[in-house]
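1. below are the sequence and a predicted model; questions follow.
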Amino acid sequence: MFDLRLVAHAPFGGRLSVLPHPLSVEVGWPLNDVPSLKLAYTTTATGAALLDQPCEIAVEWSTDGTTWTEAPDSRFLRIKRRGDGSDPTGLAQFELPGFVWMLRKIVLYPGPAPLVDGKRAFLSATAGAILQTFIAEAKGRGAVPGLNWDFTPTADSAGQTWNKVLTIYYQPGMDALTALINLAEQGVCDFRMSSRTVQVFNADTAMNRDLASGPGPVDLRYGRDIAEAPDDGTLEDVASSVLVVGDNGLVKTFTNAAAVQPWGPWEQYVGAGGVSDEGTATLLADSALERAGAERVQRTRGVVVYGARWLPLKDYRPGDRVRAPGDGGALESLRVRQVTLARNSTGVLGGALVLHDRFLERDIRLARRTAGIVGGSTADAGSGARPAPEAPEPRTPAAPAGLIVDPQAYIDEHGLPHGQVTVTWGAVTQDVSGVALNVGGYELFMRVNEAGAPWFLVASTEADDTTATYSPLVIGESYAFKVRAVNLGKAGPFSSQVAVTIPDDTDAPPVPTAPQLSTRLGVVRVTWDGHGVGSVPMPSDFLHVRVWMQDPLAPGWSEIGVLGEAGSLLVPGLPYDADRQFRFTARDRSGNESSPSTLATIAAVQLVTGDAANESITTGALVANAVTADKLAAGAIEAEHITAGAVVADKLAAVLTLSTRVVAGSASGARVELNSTGLVAFNGSGQQTVSIAAASGAVSIVGQFASGVTGARVVVNPAGATNPEIRFIPGSGINQSRIYSDGSRFTGEATLVMESGTNQGNTAMCRLTHAAGFWQAAILNPSNGEQRGGAVSAVENQASIGWIHPTQQDQALVFAPSGTFHQGTWQYGSDSGLIMISVTVSKGASYYQVVLGYSFPTVPKIVFTAEQVNTMMLWSRTNSDAFFHDPAAGSSPPARTFHVWAWR
């Protein structure tokens, strides 16, 4: 019989004795948190004296009363007690935290390296490196002498190499338990105690055993292993629309029409500071919408310990996946989030499980991913340096350390997978000589990970922002990244490169609902309602449901067809009165496939027995005109009445004349109809979407028109497009070009726009714009639409040709009625150049600094004028800037406008 007992141990010492007579015991084992033990004991009972002093209590389990085992996380600390000296019963109550609580008594010291903004940096560190630093340094100071650990900076407690690194900053004084729980919440690791040894594992590995599948799954069943089964559900977080607000004017709304909407649409907001690319915004919005699409239910299941087949601690532990009653009582794969066992005052042992279904587990993963993108603790870096004195010559910042690139896959509005990266690095607080420095910002570069491939600037951040995101990227492609700091226009050396391969989407679609079967006249109809289990809608990248069939007497599933949406598949030619089993699996565009649905069984039924036996009525048995329209009721002959190939040319007259119409589908809903006016199609709302007129031959199509489903094709008016457009898709189906008309650019005008696809590095695209008074051909940044290359434009009174960039000096020739002028830098050969600029600057510590925007091979000659200033003098000059001094400016000089010619 399953039972628990309590064993006392000396603090960091040996075994003392069993506590044989507790009045009550309640033990809770949560996943990735601190276990708890509540204990009631009377001072007159045997062993009570052991609880008078601090000690350790081990909870052990047994099924035979002879062999006892201390399960993971089953060692507790006697540190809190409560009693009443006037109580004649001598009742004492104890609340004992799990041994991992002792990590609260380990705090982080500043360490040997300089602090960053008052915090200690862990750059490109594993969970093992971080936790070992906390514990080992504490033990070096003489703290927690009996606490052990079995992981290393390179391997987890199972001996597996750490699969995640992170750059993170901790305030001195933070305790090790807070840091450990923070790492687990970010999905970096799982943890538990084995007696007095801290064990930390890669997340969702050793502590995520799949006991729900295989030949002998742990199946917890009502009446045998499970008693009561309360569910706690909430609609508090439901939303059908999410507003994402990022940087650089990124404002985008995403909707989920399939979300639960009992009171109509609800909205949600996601602030995405530092995010300026649409792909990352899509990733954040998809995560938010998936988490907010339906009611979320936490399932609690009472545990039966007497006569049960499967027992907690013995057969399953927190973190394991088991089969247990879920929605509607059907067994499904659920994850054990907490085990609680309790013995009451009468000695009866019972307990409960807290179970998460796959939706709640996915919520946790999505929340971790979102936290990583928008910053979380990994972005809490700061600069941490005192302002350095100004100097005429900008100093070179040091190279950033701790570069980490986290790749993700996401699905765009067309159901196609793309890649996104979130990049973090350590803050730069010194120049290359080790002197304190406040940098102005950072520049992130990327290239295809091939020797000789060019590097491209893909993101720039402010000084206090050490996180950047970028998308879209090509699934399966390998990219390299590096970052550098910038100080007053002076770029420092690059960090070490980090290369990653963009992963494909690995999330399988939901398991489809069970097949709905019917049979008539020897034909089986297999119907799917278009949803996953629990009325879950299929995701945007859903491709189709595969329909499988097998003979239960000769097992072996074979695919018999697919369904791209809710509908039916007809299966003719089956033997009568012989069972056939059917099931579904769902596939997406990345090839991920769900687990099989619940199977359904049916046997085909023949028309009647005897006179109309199988194949007894043939065309030779019917006289001419024996079956005419007046002998058939309306709708009597449906599709399932006619087997494949039954109606062929020799069974029809040369001309088939229709007096009314032929309808495929619903007579009043979604259908294709052939009638006296031509060929028409209607959607489910009865709206006509296609018309081919018999009289004129005119063709009208509402919605998307495509020349193919996959491969190279043309799509007119694609689904989800903002404006009507024509899209040209190459064989890959990812990099696309398009032509569309935009009525929002100029009031009352229709602007024709042609856009190319992107280049291989996804850094450039070409847009050709035709409007009534405006024409332009320009190279753009595909992530935000900014001009960053060559451009030719013409308006009614001006034309220009040149090079345009949002953050660098433009280079262009402009032609106007008043004359021709040049904007930018003239350069001749490799040893000379000419620049003409007009710029307004404020006075620095001692000088006005004018950045020329171009670095000359040698120090240039300079001529200048400054508006309303007669005392201004040129003080010094370098290859790329000039410093001016005004002796009469006073202590609070105004900003000055300089007109500068420089040449060499």
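-> That came in fine, so what should we check first? Source: prediction; values computed, not measured.
2. my guess is residue 217 contacts residue 209, does it?
-> No. Counting by Cβ atoms under 8 Å, residue 217 does not reach residue 209; the two are 11.4 Å apart. (Each C-beta comes from the backbone N, C-alpha and C, glycine too.)
3. please enumerate the shared neighbours of these two.
-> Counting by Cβ atoms under 8 Å, 6 or more residues apart in numbering, residue 217 and residue 209 have no common neighbour.
4. pretty sure residue 663 sits against residue 670.
-> No. At 10.7 Å, residue 663 does not count as touching residue 670 under the criterion of Cβ under 8 Å.
5. need the CA coordinates for stretch 572-584. PDB is fine.
-> Provided in PDB are the C-alpha atoms of stretch 572-584 (Å, rounded to 0.1, in the frame of the first residue of the first chain):
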ATOM      1  CA  PRO A 572     -17.300   4.300 -52.800                       C
ATOM      2  CA  GLY A 573     -16.600   0.700 -53.600                       C
ATOM      3  CA  LEU A 574     -16.300  -0.600 -50.000                       C
ATOM      4  CA  PRO A 575     -17.500  -4.200 -49.200                       C
ATOM      5  CA  TYR A 576     -20.900  -4.200 -47.500                       C
ATOM      6  CA  ASP A 577     -21.200  -4.900 -43.800                       C
ATOM      7  CA  ALA A 578     -17.500  -4.800 -43.200                       C
ATOM      8  CA  ASP A 579     -16.100  -2.300 -40.700                       C
ATOM      9  CA  ARG A 580     -13.700   0.400 -41.800                       C
ATOM     10  CA  GLN A 581     -11.900   2.800 -39.500                       C
ATOM     11  CA  PHE A 582     -11.200   6.400 -40.300                       C
ATOM     12  CA  ARG A 583      -9.100   9.100 -38.800                       C
ATOM     13  CA  PHE A 584      -7.600  12.500 -39.700                       C
END
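6. and that stretch, how far out from the chain's middle?
-> 41 Å (Cα atoms, centre = their mean, to the nearest Å).
7. in it, what's buried?
-> Of the residues in stretch 572-584, 574, 580, 581, 582, 583, 584 count as buried by neighbour count, 16 or more other Cβ atoms under 10 Å.
8. turn these into CSV, including pLDDT.
-> Output for the buried residues of stretch 572-584, formatted as CSV (pLDDT from 0 to 100):
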residue, pLDDT
574, 89
580, 93
581, 94
582, 95
583, 95
584, 95
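9. of the residues you listed, closest to residue 532?
-> residue 584 (9.9 Å; Cβ to Cβ).
10. the closest one and residue 506, how far apart?
-> Applying Cβ to Cβ, to the nearest Å, the value for residue 584 to residue 506 is 20 Å.
11. could you do residue 215 as well?
-> For residue 215, the distance to residue 506 (Cβ to Cβ) stands at 25 Å.
12. okay, those two: which has more neighbours?
-> A count of neighbours by other Cβ atoms under 10 Å puts residue 506 above the other of residue 215 and residue 506, at 10 against 4.
13. mean confidence (pLDDT) on stretch 833-844, please.
-> Averaging pLDDT along stretch 833-844 yields 82.
14. buried ones in it, by neighbour count?
-> 833, 834, 835, 837, 843.
15. which of these fall within strands?
-> Per DSSP state E, strands hold the following members of the buried residues of stretch 833-844: 833, 834, 835, 837.
16. so which of these comes closest to residue 336?
-> Nearest member of these to residue 336, counting by Cβ to Cβ, is residue 837, at 68.0 Å.
17. wait, that closest one sits on residue 882?
-> No. Residue 837 lies out of contact with residue 882 (Cβ under 8 Å); the separation is 10.4 Å.
18. which neighbours do those two have in common?
-> By the contact definition Cβ under 8 Å, 6+ apart, residue 837 and residue 882 are jointly contacted by 850, 852, 900.
19. and which of those residues is nearest to residue 597?
-> Set against residue 597, the nearest of the shared contacts of residue 837 and residue 882 by Cβ to Cβ is residue 852 (68.8 Å).
20. who's in contact with that closest one?
-> Taking Cβ under 8 Å, 6+ apart, one finds 835, 837, 860, 880, 881, 882, 900, 902 in contact with residue 852.
21. got JSON lines for those, with secondary structure too?
-> What follows is the contacts of residue 852, written out as JSON lines (DSSP: H, G, I helix; E, B strand; the rest coil):
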{"residue": "835", "secondary structure": "strand"}
{"residue": "837", "secondary structure": "strand"}
{"residue": "860", "secondary structure": "coil"}
{"residue": "880", "secondary structure": "coil"}
{"residue": "881", "secondary structure": "strand"}
{"residue": "882", "secondary structure": "strand"}
{"residue": "900", "secondary structure": "strand"}
{"residue": "902", "secondary structure": "strand"}
